[in-house]
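Student: whatever this is, show me its structure:
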Amino acid sequence: MRVFVTGASGHLGSAVIPELLAASHHVTGLARSDSSAAAVAALGAEVRRGDLDDLDGLREAAASADGVIHLAFKHEAMRSGAFLDAVDADRRAVEAMGDALAGSGTGKPLVIASGTLMLALGGISGRAGTEADFLPAGPRIDTENAVIAMAERGVRSSAVRLPPLVHSDLDHHGFTPALIGFARAKGYSGYPGDGANRWPAGHTLGAARLFRLALEKAPAGSRLHAVGDEGIPLREIAEAIARNLDVPAKSVPAEEVPDYFQFLAAFIGLDNLTSSARTRELLGWEPAHPGLIADIDAGHYFAPKALHG
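Tutor: Predicted coordinates:
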């Protein structure tokens, strides 16, 4: 299959491309800079220059492919406070590629990256969120719903909901390195309140395999969960970071949460227990890599490459 991948040089792309190539797919990766293009080429994929604002280019790339995996997002904009701008750009890009695939009339797949935290933001708490749960509207939710609706237009669409903590030695800029960075800067590893709220996690390589399986065989309109650890209390995560940094772990007072957690402040207190049971049953996918705490204790997050890569 000829597969067009956005976000090809990023954390997930660096695992998804090798996963696709190992399964004999031909991959073209989107690159917006010379350094990204070099990284994509080094992974063994063809390079297409462009970005999420080049809607005509995205339509053309999608139309010439047999399937699309959309991993890109304007994370820099999100971190700088322009989250809604990033959301709008993402939605327009997905719609452009979806229109091109719908026009083929052959049931081409479109797989996008979504997130489990949306369920918690929508009020699902106290129980495990499932693949059957969805919300009617909201930032990023609108994009996921639009992709699922593309099934009615002949696109074999699916959304892989990623947990907030996708971890591995490929993860240099995700939420786990951010939490470690906060702890280094403040001299202690913090958690909100009593730290009992839970976040799910999943290994990068497990997520990459799920993206490939979704591309190859997910039914149209599928919501999937790339979750290995269904829910780890934030206190346990903070304690794992603390013992590796040799700093204390302690609660962050409510009035200090914005200063300590910065761009994560709006999400850090959410309880996001999440099940992946239906995904496992539907696609035969099973997590086969270390869980988050074991991965933190493995030490790679604290090596020089993790700090500066």
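Student: quick one, phi/psi of Arg223?
Tutor: Note on Arg223: its backbone torsions stand at phi -110, psi 130 [degrees, to the nearest 10].
Student: next, count neighbours for it.
Tutor: For Arg223, the neighbour count with other CB atoms under 10 Å is 21. From N, CA and C alone the C-beta is placed, and that goes for glycine too.
Student: next: Val87.
Tutor: The burial metric for Val87, expressed as a neighbour count using other CB under 10 Å, is 20.
Student: where along this structure do the strands fall?
Tutor: Residue ranges of the strands in the chain, as given by DSSP state E, are 2-6, 26-31, 46-49, 67-70, 109-115, 156-162, 165-167, 189-192, 198-203, 222-225, 229-233, 249-252.
Student: Ala288: which of those is closest?
Tutor: strand 198-203 (8.1 Å; CB to CB).
Student: and the gap between Gly269 and Ile293?
Tutor: Counting by CB to CB, to the nearest Å, the gap between Gly269 and Ile293 amounts to 20 Å.
Student: hang on, I meant Leu273
Tutor: Computed with CB to CB, the distance linking Leu273 and Ile293 is 16 Å.
Student: these two: who's more crowded?
Tutor: Using other CB under 10 Å as the criterion, Leu273 and Ile293 rank with Leu273 on top: 21 against 17.
Student: confidence score at the nearest residue in space to the more buried one that is not next to it in sequence?
Tutor: Nearest-residue entry for Leu273: Gly231, 3.7 Å, with adjacent residues in sequence omitted and distances by CB to CB, 6 or more residues apart in numbering. In the prediction, the pLDDT value recorded for Gly231 is 98.
Student: so what's Gly231 up against?
Tutor: Shown in contact with Gly231 (CB atoms under 8 Å, 6 or more residues apart in numbering): 128, 198-200, 271-274.
Student: residue ranges with poor pLDDT in this protein?
Tutor: Under the criterion pLDDT under 70, the flagged ranges of the chain are 77-81, 305-309.
Student: mind checking the longest helix of it?
Tutor: Among the elements of type helix in the chain, defined by DSSP state H, the one spanning the most residues is helix 83-102.
Student: could you check how far that one is from the centre of its chain?
Tutor: 16 Å (CA atoms, centre = their mean, to the nearest Å).
Student: strand 2-6 and that helix, what's the angle between them?
Tutor: Using axes from the mean of the first three to the mean of the last three CA atoms, to 10 degrees, the direction of helix 83-102 lies 170 degrees away from that of strand 2-6.
Student: which of the residues in helix 83-102 are buried?
Tutor: Under the neighbour-count criterion of 16 or more other CB atoms under 10 Å, helix 83-102 has 83, 86-91, 93-102 buried.
Student: cool, and stretch 115-123?
Tutor: For stretch 115-123, burial by neighbour count (16+ other CB under 10 Å) applies to 115-122.
Student: could you do stretch 128-139 as well?
Tutor: The neighbour-count check on stretch 128-139 (16+ other CB under 10 Å) flags 128-131, 133-135 as buried.
Student: what's the end-to-end length of it?
Tutor: The first and final residues of stretch 128-139 sit 21 Å from each other (CA to CA, to the nearest Å).
Student: list the buried residues for stretch 176-187?
Tutor: By 16+ other CB under 10 Å, the buried positions in stretch 176-187 come out as 176-177, 179-180, 182-183.
Student: render the CA-only coordinates of that stretch in CSV, please.
Tutor: Taking C-alpha atoms only, stretch 176-187 is exported to CSV below (Å, rounded to 0.1, in the frame of the first residue of the first chain):
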residue,chain,number,x,y,z
THR,A,176,6.6,12.7,30.3
PRO,A,177,9.7,14.8,29.4
ALA,A,178,7.6,17.8,30.3
LEU,A,179,6.8,16.4,33.8
ILE,A,180,10.5,15.6,34.3
GLY,A,181,11.4,19.1,33.2
PHE,A,182,9.0,20.7,35.7
ALA,A,183,10.5,18.6,38.5
ARG,A,184,14.0,19.6,37.5
ALA,A,185,13.1,23.3,37.4
LYS,A,186,11.2,23.3,40.7
GLY,A,187,13.4,20.9,42.7
